[in-house]
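Asker: Turn this into a structure:
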Amino acid sequence: MLKKTRITFTDLFIILLVLGGGIFIFYRIRFNLNYKWDWGAIPQYFFRFDEQTGRWTPNMLIEGLLITIRLSIWATVIATIIGVVMGLCLTSGSLFRRLLGRTYVELTRNLPPIVLIFIFYFFLSSQIIPLLGVDEFIVSSSEGTKSFLAFFFAPPHMFSAFLSALITLAVFEGAYITEIVRAGIQSIEKGQWEASYALGLSPWQQIRHIILPQATRRILPPLAGQFISTIKDSAIVSVISIQELTFQGLELMSATYLTFEVWITITLLYLILALTLSLAVERLEVRMRRYEV
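Answerer: Below is the predicted model:
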């Protein structure tokens, strides 16, 4: 039975306080800063008409949003793989594996993300990426391959930088997913381990056939929530000139001086994306609870 929503005096006070704060900020911007609003200039940066192709194509804001989505999706996929491996290490009976997993988690979570971004980016871009011959592969690939990479990852001219940012973000987010996986595995009742051991299953068979299938149902909701965090954390790669949404906002603000219009628009785009995913996560949690019942 749903509880009836009741608005209290405290709720009204908070609402009035927020409205008053908004009006005060608007007043300070409008009259004290002598700022001239120009919202009419913003829509053209969503889409532009390409005269060569005769079609509407994404402009700076949509291009940045697409890069953010691609970067977040692939970073979450790689981070999940890292998190599962390291989560299994943390719950392993081997002391070396537990130390390996704990060292990775503690080092990653207790360093500022911007430091990790710079360390990994400059190391990857100057050492690993050239060693793998990524740039040579992009140059020598066919137009079909370039189109494929541009659609699923990033345009060819920024693929190496995108790959460096992707790995960096995945390593950072993987530490948090490791803890999610560890908690999911350790939440399985001790009787499940004992029953699978009594059946003569090896430790790997216990994990694969008994423990992980049950833990997955408990891991999925927080893992989906971590995907939302990855979207928000992806803004930090703007410091290494990855042309995602925040970087495009900086470029647009520098070119147009529409400071408030640009950042309010960027905020709304992040908010719409995050709220949409939050609703999807909420529905996933409801379905998982129904499944458990």
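
Asker: doesn't Thr57 fall inside a strand?
Answerer: Yes: when classified by DSSP: H, G, I helix; E, B strand; the rest coil, Thr57 is found to be part of a strand.

Asker: Once you drop chain neighbours, what's closest to it?
Answerer: Asp50 (4.8 Å; Cβ to Cβ, 6 or more residues apart in numbering). Where C-beta positions appear, they are placed from N, C-alpha and C, glycine not excepted.

Asker: Give me the neighbour count for that neighbour.
Answerer: Asp50: 10 surrounding residues under other Cβ atoms under 10 Å.

Asker: What residues are bridge-paired with it?
Answerer: Arg55 (DSSP bridges).

Asker: Isn't it up against Pro58?
Answerer: No: taking contacts as Cβ atoms under 8 Å, Asp50 lies outside contact range of Pro58: 10.2 Å.

Asker: How about the contacts made by the closest residue to Val237 other than its chain neighbours?
Answerer: Spatial nearest neighbour of Val237, excluding adjacent residues (Cβ to Cβ, 6+ apart): Ala165 at 4.2 Å. For Ala165, the contacting residues are 71, 117, 121, 237, 240, 242, by Cβ atoms under 8 Å, 6 or more residues apart in numbering.

Asker: And the strand or helix carrying Ala165, how far out from the chain middle?
Answerer: Element membership for Ala165, per DSSP states H and E: helix 159-186. Distance, stretch centre to chain centre, for helix 159-186: 10 Å (Cα atoms, centre = their mean, to the nearest Å).

Asker: and it, which residues are buried?
Answerer: 159-185 (16 or more other Cβ atoms under 10 Å).

Asker: List phi and psi for Arg70.
Answerer: Main-chain torsions, Arg70, degrees, to the nearest 10: phi -60, psi -50.

Asker: thinking again about what came up before, now do the same for the residue nearest to Thr57: its pLDDT.
Answerer: Per-residue pLDDT puts Asp50 at 79.

Asker: Which residues are in contact with Gln186?
Answerer: Thr91.

Asker: Go again with 6 Å.
Answerer: Contacts for Gln186 (Cβ atoms under 6 Å, 6 or more residues apart in numbering) come out as none.

Asker: which residues touch stretch 119-135?
Answerer: So stretch 119-135 is contacted by 160, 164, 168, 240 (Cβ under 6 Å, 6+ apart).

Asker: go on, stretch 203-214?
Answerer: Stretch 203-214 is touched from outside by 188, 192, 196, with contacts defined as Cβ under 6 Å, 6+ apart.
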